[in-house]
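Enquirer: 3D, please:
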Amino acid sequence: MSLAPRAPSVPSKPFGSLLALTLFCLMPAAPALAAASASNSVMLEELTSTELRSRIEHGATTVLIPIGGVEQSGPYIALGKHNVRAGILARQIAQTLGNAIVAPVVSYVPEGSISPPAGHMRYAGTISIPPAAFEAVLEGTAASLRQHGFRDIIFLGDHGGYQKNEQNVANKLNRTWGKGPAGKEARAYALLDYYDITQSAYIAELQKRGYSSAEIGLHAGLADAALMLATDPSLVRSEAMAHGAKPGVADGVRGDATRATKELGQIGIKLQVDTSVAAIKKLLQRNQ
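Expert: Numbers count the residues shown, from 1 in each chain. Model (predicted):
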């Protein structure tokens with residue numbers, strides 16, 4: 001009796017090979033996802049020129065110009081605190097607005113006389129430029145953004161020393177742009193509310209929680225450190241501060257940051273973001 005021929009056996013693939021094949025098939029999707037995520041960013045520097053042009057054409061004509069600075073904040077807070085805070089908060093504000101772009105942080109600002117050194121310039125690391133140069137940088141930045149199609153250009157200054165300079169530039173630009181051709185209408189704003197809220201409502205919130213004005217401080221005290229802990233805690237030397245000497249005016253500090261916490265800083269951050277968003281929406285509605 002003859003037997004029917006046996007079907008050829010198919011070798012089974014090990015599980016590891018199947019897994020590797022599956023992962024290989026998925027690999028092209030990863031760069032695509034990353035690219036899609038980047039193209040949805042609110043940060044101008046993270047977009048391509050073509051992506052930015054498309055965003056402007058689809059209505060993203062509001063741009064925020066965060067302004068920081070490089071200045072000493074005593075032994076326990078890093079020199080770049082204003083740059084980091086300005087960039088992070090501008091991102092949050094733009095994301096909340098939903099249709100705004102964030103320009104690069106302006107990092108070089110007036111900090112006082114260089115020679116002889118005055119104010120923060122008496123401490124290592126502070127960088128100061130003349131007020132006229134600072135205003136020229138803001139003016140050129142805003143004019144560039146207007147040229148590309150932005151129509152509402154908003155300065156967000158994280159440091160109190162140059163608030164008047166922001167306003168000077170906004171006033172000058174608006175006088176010039178008001179005489180421009182049709183189709184190039186634009187407005188510049190110095191959003192002073194962004195900074196002012198940290199000197200008013202935020203201080204009041206800290207005082208309600210039992211912190212004194214002396215502890216909250218004017219510079220590198222509890223308020224300053226708390227805001228930094230809520231944005232980038234790596235820039236606060238918390239361990240050294242807890243066990244080190246308490247700095248004073250001679251060290252460039254006015255206040256006591258020892259009891260600063262992330263939670264206290266989040267109160268201020270929320271106030272800054274919410275206040276700025278409300279103020280910007282009001283400005284935009286006024287010009288519709």
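
Enquirer: In the strand or helix carrying Ile280, which residues are buried?
Expert: Counting by DSSP states H and E, the element that carries Ile280 is helix 262-286. Neighbour-count burial for helix 262-286, counted by 16 or more other Cβ atoms under 10 Å, picks out 262, 264-265, 267-269, 271-273, 275-277, 279-280, 284. No exception for glycine: its C-beta is placed from N, CA and C like everyone else's.

Enquirer: again with stretch 98-110
Expert: Using 16+ other Cβ under 10 Å as the burial criterion, the residues of stretch 98-110 that qualify are Ala100, Ile101, Val102, Ala103, Val105, Val106, Ser107, Tyr108, Val109, Pro110.

Enquirer: Restricted to strands, list those residues.
Expert: Of the buried residues of stretch 98-110, the ones assigned to strands by DSSP state E are Ala100, Ile101, Val102.

Enquirer: got the contact list for Pro130?
Expert: Applying Cβ atoms under 8 Å, 6 or more residues apart in numbering, one finds that Pro130 lies in contact with Pro110.

Enquirer: Also Leu222?
Expert: Residues touching Leu222, when contacts are defined by Cβ under 8 Å, 6+ apart, comprise Leu206, Tyr211, Glu215, Ile216, Gly255, Asp256, Ala257, Thr258, Arg259, Ala260, Leu264.

Enquirer: Can you say which of the residues you listed are buried?
Expert: Among these, those buried by neighbour count (16+ other Cβ under 10 Å) are Leu206, Tyr211, Glu215, Ile216, Gly255, Asp256, Ala257, Ala260, Leu264.

Enquirer: Could I get those residues in JSON lines, plus columns for pLDDT?
Expert: Formatted as JSON lines, the entries for the buried ones among the contacts of Leu222 read as follows, by pLDDT from 0 to 100:
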{"residue": "Leu206", "pLDDT": "98"}
{"residue": "Tyr211", "pLDDT": "98"}
{"residue": "Glu215", "pLDDT": "97"}
{"residue": "Ile216", "pLDDT": "98"}
{"residue": "Gly255", "pLDDT": "97"}
{"residue": "Asp256", "pLDDT": "97"}
{"residue": "Ala257", "pLDDT": "97"}
{"residue": "Ala260", "pLDDT": "97"}
{"residue": "Leu264", "pLDDT": "98"}
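
Enquirer: Tell me the one among the residues you listed nearest to Tyr162.
Expert: Taking Cβ to Cβ as the measure, Gly255 is the one of the buried ones among the contacts of Leu222 closest to Tyr162, at 21.0 Å.

Enquirer: I'd like to know how far Tyr211 sits from Thr275.
Expert: The span separating Tyr211 from Thr275 equals 21 Å under the rule Cβ to Cβ, to the nearest Å.

Enquirer: State the number of residues packed around the residue nearest to Ile127 when sequence neighbours are not counted.
Expert: In space, Ile127 comes closest to Val70 once its chain neighbours are excluded; the distance is 4.3 Å by Cβ to Cβ, 6 or more residues apart in numbering. Val70 sits with 19 neighbouring residues when counted by other Cβ atoms under 10 Å.

Enquirer: doesn't Val106 make contact with Val70?
Expert: No: in this structure, Val70 is not within contact of Val106 by Cβ atoms under 8 Å, at 11.0 Å.
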